[in-house]
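Asker: next one to model:
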Amino acid sequence: MPVKNAADVQRFRSPYLTEDHQFLVHFQRKMILDVLPPEMTDPVLIDAIDLAMSFEAWRRLRQEQGLPVEAAAAVVRKTVQALLACQA
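Answerer: Just a heads-up that it's a prediction; the model follows:
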């Protein structure tokens, strides 16, 4: 996390870091899409899951809210489970 935080601070000054960040964002999104069932096509739901599982959400839980890893993981799981229940 410290390396990602440092890169984010410098990202807007560096085309390389901006490109690297965009790659990471797209890679994370692809990983999510790879595990969701193909019939799940609601773009708002997919965006919500993407947000809930993002590095930014994780950073907030760990740094700003001060949660330990286990508690932060539980929050992410519960959030994604609630979002997936909306699909049913």
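
Asker: all contacts plus neighbour counts: C-alpha atoms, from now on.
Answerer: Fine.

Asker: name the helices or strands packed onto the longest helix belonging to the chain?
Answerer: For the chain, the longest helix by residue count, based on DSSP state H, is helix 15-35. Contacts defined by 3 or more CA pairs under 8 Å, 6 or more residues apart in numbering; DSSP states H and E place helix 15-35 against helix 2-10, helix 43-52.

Asker: center of this protein, which residue is that?
Answerer: Centroid-nearest residue in the chain, with CA atoms, centre = their mean: residue 54, separated by 1.0 Å.

Asker: roughly how far does the closest residue to it other than its chain neighbours sit from residue 22?
Answerer: Among residues not flanking residue 54 along the chain, residue 28 sits closest, at 7.7 Å (CA to CA, 6 or more residues apart in numbering). Note on residue 28: its distance to residue 22, by CA to CA, to the nearest Å, is 10 Å.

Asker: same question for residue 58.
Answerer: Applying CA to CA, the value for residue 58 to residue 22 is 18 Å.

Asker: who has more neighbours out of the two?
Answerer: When residue 58 and residue 22 are compared on other CA atoms under 10 Å, the one with more neighbours turns out to be residue 58, at 21 against 12.

Asker: hang on, the more buried one packs against residue 70?
Answerer: No. Counting by CA atoms under 8 Å, residue 58 stays clear of residue 70, with 11.6 Å between them.

Asker: count of neighbours near residue 87?
Answerer: By other CA under 10 Å, 10 other residues sit near residue 87.

Asker: and residue 14, by the same measure?
Answerer: A count of nearby residues for residue 14, using other CA under 10 Å, gives 12.

Asker: ok, the one 10 residues further on next?
Answerer: For residue 24, the count of nearby residues is 13 (other CA under 10 Å).
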